[in-house]
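**Q** predicted model and sequence follow; I will ask about them next.
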Amino acid sequence: MTKFGELISVEKPVLIDFYFDWDDIDNGIETLRDVAAALGDSAKVIKIDIKKNEPLAEALRVKGNPTFMIYKNGEMKWRQTGEQDANTLIGMVQQFV
């Protein structure tokens, strides 16, 4: 979790997609690529596999797939469970740039 703390303790917003691929289908990668491309260097966009990071997911009480979070300066600014489209995610992150 130390690495996670370092990851979220930056000045620019960090959008995290906590996901689990039930059928080895790449869950929303195209959406996140669109978000990352639109935001450029103004924010970070990261996917974290719930099963590969169970202690972190449990600590953050991630129950749904996917769960999106935005952090800035180590503080959670927004959280939503369920599918989100690229425009919604871009708009949410831009509020914290």
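**A** Arrived safely.
**Q** buried stuff in the helix or strand encompassing Glu30?
**A** Taking DSSP states H and E as the definition, one finds Glu30 inside helix 29-39. Across helix 29-39, burial judged by 16 or more other C-beta atoms under 10 Å covers 31-32, 34-36, 38-39. In this view, the C-beta of every residue, glycine as well, is placed from N, C-alpha and C.
**Q** for the residue positioned nearest the centre of the chain, phi and psi?
**A** By C-alpha atoms, centre = their mean, the chain has its centre lying nearest to Ile16, at 1.2 Å. In terms of degrees, to the nearest 10, the main-chain angles of Ile16 are phi -120, psi 130.
**Q** go on, Ile8?
**A** Dihedral angles (degrees, to the nearest 10) for Ile8: phi -90, psi -10.
**Q** tell me the pLDDT of it.
**A** You'll see Ile8 listed with a pLDDT of 95.
**Q** residues contacting the spatially closest residue to it that is not a sequence neighbour?
**A** Among residues not flanking Ile8 along the chain, Tyr71 sits closest, at 3.8 Å (C-beta to C-beta, 6 or more residues apart in numbering). Listed by C-beta atoms under 8 Å, 6 or more residues apart in numbering, the contact partners of Tyr71 are 8, 13-14, 16, 77.
**Q** kindly recompute the last result at 7 Å.
**A** Applying C-beta atoms under 7 Å, 6 or more residues apart in numbering to Tyr71 gives the contacts 8, 14, 16, 77.
**Q** all strands for this structure, in order.
**A** For the chain, applying DSSP state E gives strands covering 14-19, 44-49, 67-72, 75-81.
**Q** present those as a markdown table; the columns should include mean pLDDT.
**A** Listed next are those as a markdown table, based on pLDDT from 0 to 100:
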| stretch | mean pLDDT |
| --- | --- |
| strand 14-19 | 95 |
| strand 44-49 | 94 |
| strand 67-72 | 97 |
| strand 75-81 | 97 |
